[in-house]
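S.K.: The following block contains a protein sequence and its predicted model.
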Amino acid sequence: MRYDLRLPLDPEAVKELRVGDEVSLTGDMLVGRDQVHLRLTTLMKEGKDLPVDLAGETIFYMGPAPAPEGFVIGSCGPTTSARMDPFAPMLLEGGLLAMIGKGPRSAEVLKAVERNQAVYFTAFGGCGALYADCVEAVELIAFEDLGPEALYRLTVKDFPVIVAMDAAGGSVYRDYT
């Protein structure tokens, strides 16, 4: 199936998605990699406030390249998702609804996706320029000291992804988890 979905995602729509579905996303998403995930989960463990409410959010595992003159963002292709696996279950429990990256995830992440009725989208590696063309705005949210690995919010239009893990426990990577 092919879907055009607005961000933030409707939790009921997420429950209907299945592995292999093609999705075009439009709206706002978070951006962060392993250092952002470490900081967010540390704050959660310490009972401190997060710089953003995770409820219903989508996060893209990416560190943007500097924006060339006249552009909103530089190349912004996905990074390997497995680096976020130690943190993903806690963030999903905290309300995160969707993750975007590349590559297989652990069995623990698949269980957390199903338990929390969430979704993991795979983005296309090597397509950083394509994804940059989908970005309309970039906003720094937190952890500025991390530079390009800080927590950002992107406004995107027609951002192409494929469902790799679904809320029903399906995984395109089942043989790898």
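M.R.: Cool, the structure landed.

S.K.: Would you map the strands across the protein?
M.R.: 2-7, 22-31, 58-60, 98-101, 119-122, 135-142, 151-165 (DSSP state E).

S.K.: could I get the ones you listed as TSV with mean neighbour count?
M.R.: Using the backbone N, CA and C atoms, a C-beta is placed for each residue, glycine as well. Listed next are the strands of the chain as TSV, based on neighbours: other Cβ atoms under 10 Å:
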stretch	mean neighbour count
strand 2-7	13
strand 22-31	19
strand 58-60	26
strand 98-101	26
strand 119-122	25
strand 135-142	14
strand 151-165	20
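
S.K.: for this protein, longest helix please?
M.R.: Of all segments of type helix in the chain, defined using DSSP state H, the longest is helix 34-45.

S.K.: What about the residue nearest to P66 when sequence neighbours are not counted, how many residues nearby?
M.R.: The shortest distance from P66 to any non-neighbouring residue, by Cβ to Cβ, 6 or more residues apart in numbering, is to G74 (5.0 Å). Residue neighbour count, defined by other Cβ atoms under 10 Å, stands at 15 for G74.
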